[in-house]
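J.: sequence and predicted structure below; questions after.
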Amino acid sequence: DTEVTQTPKHLVMGMTNKKSLKCEQHMGHRAMYWYKQKAKKPPELMFVYSYEKLSINESVPSRFSPECPNSSLLNLHLHALQPEDSALYLCASSPISTGTSGPKNIQYFGAGTRLSVL
Amino acid sequence: GESVGLHLPTLSVQEGDNSIINCAYSNSASDYFIWYKQESGKGPQFIIDIRSNMDKRQGQRVTVLLNKTVKHLSLQIAATQPGDSAVYFCAENIEGDYKLSFGAGTTVTVRA
């Protein structure tokens, strides 16, 4: 099973709303990722969690707040977003990559949440 | 000399023909490469990967070729089918690093 499940599939929110995106995987992966993808562009990395701790924040504005409650779940809390934040938000997971003799960094992606900010 | 395939943003291919999608990567330190397929309304789906100690790897109907000398990666799809219509992304990685660096993507359209 290489499934990463994201909810909701679609979300429309106003600029004053607070909402959360959820991601779940049961592959035993200890690395989880949030990406943002604009139309016709490649995914852009936002955050990386490894062993449930934030490892990488790609200078993402504080209106995006990630959370990793346990090894299977990843949330992205949204508050006071701007219209330009409208995009597809993708979650991914992978084994922890330790180098060329260890597991590969194959990232498995969910279907994404299509977010529209009005 | 060896020619390097150009990256094309779009590729139109007749059903049943072979497809070749090219990707030039930027970091000479990258030692792991992945091809992803993204269909409309879906997330990227892993197709095939290759480590830098290899120059060719085959899967089911797909082959990845790696030329480290010119930092070039290609994906060959045999007997292209309508279900192969999608955007294809190459990604490079340094093993042990979490970050994947994605290429711009190639949109493949299969003509019936």
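T.: Received, thanks. Given the structure is predicted, the values throughout are model-derived calculations rather than measurements. Numbers count the residues shown, from 1 in each chain, chains lettered A, B, ... in the order given.

J.: how about the residues of chain B by chain A?
T.: B:31-32, B:34, B:36, B:41-46, B:49, B:51, B:53, B:87, B:89, B:93, B:95-100, B:102-105 (CB under 8 Å from any CB of the partner chain). Bear in mind the C-beta positions are built from the backbone N, C-alpha and C, glycine included.

J.: can you give me the strands in chain B?
T.: In chain B, the strands defined using DSSP state E lie at B:10-14, B:19-24, B:32-38, B:45-51, B:56-58, B:62-67, B:72-77, B:86-93, B:101-102, B:106-111.

J.: can you check chain A too?
T.: A:4-7, A:10-13, A:18-25, A:31-37, A:44-50, A:53-57, A:64-70, A:73-79, A:87-94, A:108-109, A:113-117.

J.: switch those over to a markdown table; also include mean neighbour count, mean pLDDT and distance to chain B.
T.: Shown next, in a markdown table, are those (neighbours: other CB atoms under 10 Å in any protein chain shown; pLDDT from 0 to 100; distance: least, CB to the nearest CB, whole Å):
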| stretch | mean neighbour count | mean pLDDT | distance to chain B |
| --- | --- | --- | --- |
| strand A:4-7 | 18 | 98 | 8 |
| strand A:10-13 | 14 | 97 | 10 |
| strand A:18-25 | 19 | 98 | 11 |
| strand A:31-37 | 24 | 98 | 6 |
| strand A:44-50 | 20 | 98 | 5 |
| strand A:53-57 | 12 | 97 | 6 |
| strand A:64-70 | 15 | 97 | 14 |
| strand A:73-79 | 19 | 98 | 14 |
| strand A:87-94 | 24 | 98 | 5 |
| strand A:108-109 | 22 | 98 | 4 |
| strand A:113-117 | 18 | 97 | 8 |
